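>>> Mind folding the following:
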Amino acid sequence: MIDPVIFTIGKFSLRWYGVIVMIGVIVGSLIVEREIKRRGENGDRIWDALVWILPIGIIGARLWFVLNATLGGNRYYVENPGSIIKIWEGGLHIYGGLLLGAIALIIYLRNNKLDVWLFFDAAGPALLIGQAIGRIANFINQELYGPPTTLPWGIKIEAVHRLSQFANLPESTRFHPTFAYEMLWNFTVAGFLIWLSHRYEKEFKPGTVFAGWLMLAGIGRVWIEYFRPDQPKIAALDISYTTVVAALIAVAGAILLMMRYKAINLAFAENWEEEYQISGQEKPKEEEIEEESELVEEEPAPVKKTPRVKAKADPEKKPVKKSAPRKTGSATAKKTAPRTTKTTTKTKKPQY
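This next block holds a predicted model:
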């Protein structure tokens, strides 16, 4: 087996766990950067946001681990509260990192007027890939394994790393590599989501990839938790707390997806954006109004002459008879001249 410690200088030890987790963070961030650029936004923004996300996410991952262990009946952190800050001793939970990391990212995006859904859609598949890379560290630490198995891909776990219920089993016993199951599931789902987002780029609305990530990541974790005997369980239900949270995440993803495509209508989702809002592309309304008024003052629009249109006769109106024009001139005079009588005068014949 591989030694979990790379080297030690005094009290400082560099462990494979920390190195591999950081590799996962960097690879995931590079994928986020590429996906942000593909959607038209400035990819460098993710590196600025990472300064806030990473430390807050680590704190969240540690606090969730401590809470999960305490709920499961472990009194160690209650009796030794100073050990809570000893992250180097191990003990991080991905859900706490995602929760506080997401809150830190939202605050950063809001302050910088960036589209939250654009970054969430870009981050979904990248988180799965980063988490899958981090599972390699679990193999080196011989942790997060499942129950005994006779399957050919079962792995050996040294006695010092075995859970108490497996301590008396033969040394040749092999166990389910549950960390490998989750790693394969995450790589597969991440590739599927990336393919879908490229194939249906124009059809997908903001939030679709993120909803798909919630749903598929939750389903996968519920399945993985079935093989995890190390997780604290709810006694009454005989299932782990993580199983309950993973199921709720899957349900939330399904509801979000139905809301996105109007399968269910909720009041707060009525104004959900139909396209990503890219910074620097939209001008404020006041500036647009000012520019339009300036253009109107400087270059008035030419007035177009409209051709005269003959009015159509109204079928409801009766036609009016036009009176004949009065005749003038000789005709009138002829008509109005007084009648003359023809007079004949008798001439006397001369008498001879």
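
>>> list the contacts for Asn168?
Listed by Cβ atoms under 8 Å, 6 or more residues apart in numbering, Asn168 has no contact partners. C-beta here means a position set from N, CA and C on the backbone, and glycine is covered the same way.

>>> For it, which three-state class applies?
coil (DSSP: H, G, I helix; E, B strand; the rest coil).

>>> Distance-wise, check it relative to Leu151.
Per Cβ to Cβ, to the nearest Å, Asn168 is found 21 Å from Leu151.

>>> swap in Ala267?
For Ala267 relative to Leu151 (Cβ to Cβ), the value is 50 Å.

>>> Between the two, which has more neighbouring residues?
Leu151 (9 against 6; other Cβ atoms under 10 Å).

>>> where are the low-confidence patches of this protein?
282-352 (pLDDT under 70).

>>> What residues does Leu128 make contact with?
Asn186, Phe187, Val189, Ala190, Leu193, Trp213, Ala217.

>>> From the residues you listed, pick the one nearest Gln277.
Set against Gln277, the nearest of those by Cβ to Cβ is Trp213 (20.4 Å).

>>> My guess is the closest one contacts Phe192. True?
No: with contact defined as Cβ atoms under 8 Å, Trp213 does not reach Phe192; the gap is 10.4 Å.

>>> contacting residues around the nearest residue to Ala252 once chain neighbours are set aside?
Leaving aside its sequence neighbours, Ala252 sits nearest to Leu214 (Cβ to Cβ, 6 or more residues apart in numbering; 5.6 Å). Listed by Cβ under 8 Å, 6+ apart, the contact set of Leu214 reads Gly124, Ile249, Ala250, Ala252, Gly253, Leu256.

>>> Please flag which of the residues you listed sit within helices.
Secondary structure defined by DSSP state H assigns Gly124, Ile249, Ala250, Ala252, Gly253, Leu256 of those to helices.

>>> still on that earlier bit, if we take the contacts of Leu214, which one ends up nearest to Met22?
Nearest member of the contacts of Leu214 to Met22, counting by Cβ to Cβ, is Gly124, at 20.6 Å.

>>> Can you name the residues that contact the closest one?
For Gly124, the contact set (Cβ under 8 Å, 6+ apart) comprises Leu193, Val209, Phe210, Gly212, Trp213, Leu214.

>>> Now, the residues you listed that are in helices?
Leu193, Val209, Phe210, Gly212, Trp213, Leu214.

>>> Go through these and name the one nearest Gln231.
Nearest to Gln231, judged by Cβ to Cβ, of these is Leu214 at 20.4 Å.

>>> Give me the residue at the spatial middle of the protein.
Gly207 (2.5 Å; Cα atoms, centre = their mean).

>>> Wait, it touches Asp121, no?
Yes: Gly207 lies in contact with Asp121 (Cβ under 8 Å); the separation is 6.8 Å.

>>> Helix or strand for Ile6, just tell me which one.
In the assignment (DSSP states H and E), Ile6 maps to strand 5-9.

>>> who's in contact with the helix or strand following that strand?
Using DSSP H and E, the helix or strand that directly follows strand 5-9 along the chain is strand 12-15. Strand 12-15 is contacted by residues Pro4, Val5, Ile6, Phe7, Thr8, Trp88 when judged by Cβ under 8 Å, 6+ apart.

>>> ok, back up a step: for the contacts of Leu214, which entry has the maximal number of neighbours?
Gly124 (26 neighbours).

>>> which residues does the nearest residue to that one once chain neighbours are set aside contact?
The shortest distance from Gly124 to any residue other than its chain neighbours is 3.2 Å, reached at Trp213 (Cβ to Cβ, 6+ apart). Contacts for Trp213 (Cβ under 8 Å, 6+ apart) come out as Gly124, Pro125, Leu127, Leu128, Val189, Leu193, Gly253.

>>> now swap in Ile85 and tell me
Contacts here follow Cβ under 8 Å, 6+ apart; on that basis Ile85 touches Arg62.

>>> With Arg62 as the reference, measure out to it.
8 Å.

>>> correct me, but Arg260 touches Gly207?
Yes: using Cβ under 8 Å, Arg260 is in contact with Gly207, at 5.3 Å.

>>> Now the common contact residues for the two.
With Cβ under 8 Å, 6+ apart, Arg260 and Gly207 have common neighbours Trp272.

>>> Tell me how many other residues crowd Ile155.
16.

>>> Over to the one 3 residues further on?
Burial of Glu158, expressed as a neighbour count using other Cβ under 10 Å, amounts to 9.
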